[in-house]
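Trainee: return atomic coordinates for the entry below.
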Amino acid sequence: MKPLEKEPLTSTRREARVERLALASWPALQPRIFDWKGKPTAAVRALGDPERDIASFPRIQMLRWLQTNGRWADVGSGANGDGVIALVEYLAGGCERSKAVDLLEQTLAGLDADAA
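Mentor: Numbering: from 1, shown residues only. You can find the predicted model right below:
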């Protein structure tokens, strides 16, 4: 019998796993995405245009999570999205989805290391 080979995650499965872990870790993850004023952290801003002025990045004013489907909405600005990955994309001022997923994976791995 052949040993089971671990097949690589497709981007959809990878995104779903990261999304699930990010939502489960939200209280610890949130300060690593945006600060208490709603401004994106340096790591998130680096995903977007590095030459962009800090004040021109989007800001979260009043974040609400819709528990039934994992969507988010910023009540203050009217912005909304499908999950934590979309939130990072929004705060970065627009970036490739794969970059947002990579950042979240690295951040979640750091949270696991901190907990150990």
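Trainee: okay, CA-based contacts and neighbour counts for the rest of this
Mentor: OK.
Trainee: list the buried ones in the helix of greatest length in the chain?
Mentor: Ranked by number of residues, the top helix in the chain under DSSP state H is helix 97-115. Across helix 97-115, burial judged by 16 or more other C-alpha atoms under 10 Å covers 99-101, 103-105, 107-108.
Trainee: so which of those comes closest to residue 74?
Mentor: Lowest distance from residue 74 to those (C-alpha to C-alpha) belongs to residue 100, with 18.7 Å.
Trainee: returning to that earlier point: now distance to residue 16 and pLDDT too, for the buried residues of helix 97-115, in JSON lines please.
Mentor: Converted to JSON lines, these look like this (distance: C-alpha to C-alpha, whole Å; pLDDT from 0 to 100):
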{"residue": "99", "distance to residue 16": "15", "pLDDT": "92"}
{"residue": "100", "distance to residue 16": "13", "pLDDT": "93"}
{"residue": "101", "distance to residue 16": "10", "pLDDT": "94"}
{"residue": "103", "distance to residue 16": "15", "pLDDT": "94"}
{"residue": "104", "distance to residue 16": "12", "pLDDT": "94"}
{"residue": "105", "distance to residue 16": "12", "pLDDT": "93"}
{"residue": "107", "distance to residue 16": "16", "pLDDT": "92"}
{"residue": "108", "distance to residue 16": "14", "pLDDT": "92"}
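Trainee: could I get those as a markdown table with distance to residue 40?
Mentor: A markdown table is the format used below for these (distance: C-alpha to C-alpha, whole Å):
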| residue | distance to residue 40 |
| --- | --- |
| 99 | 15 |
| 100 | 13 |
| 101 | 16 |
| 103 | 13 |
| 104 | 14 |
| 105 | 17 |
| 107 | 14 |
| 108 | 17 |
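Trainee: chain center to stretch 43-60, what's the gap?
Mentor: On the basis of C-alpha atoms, centre = their mean, to the nearest Å, stretch 43-60 sits 14 Å off its chain's mean C-alpha point.
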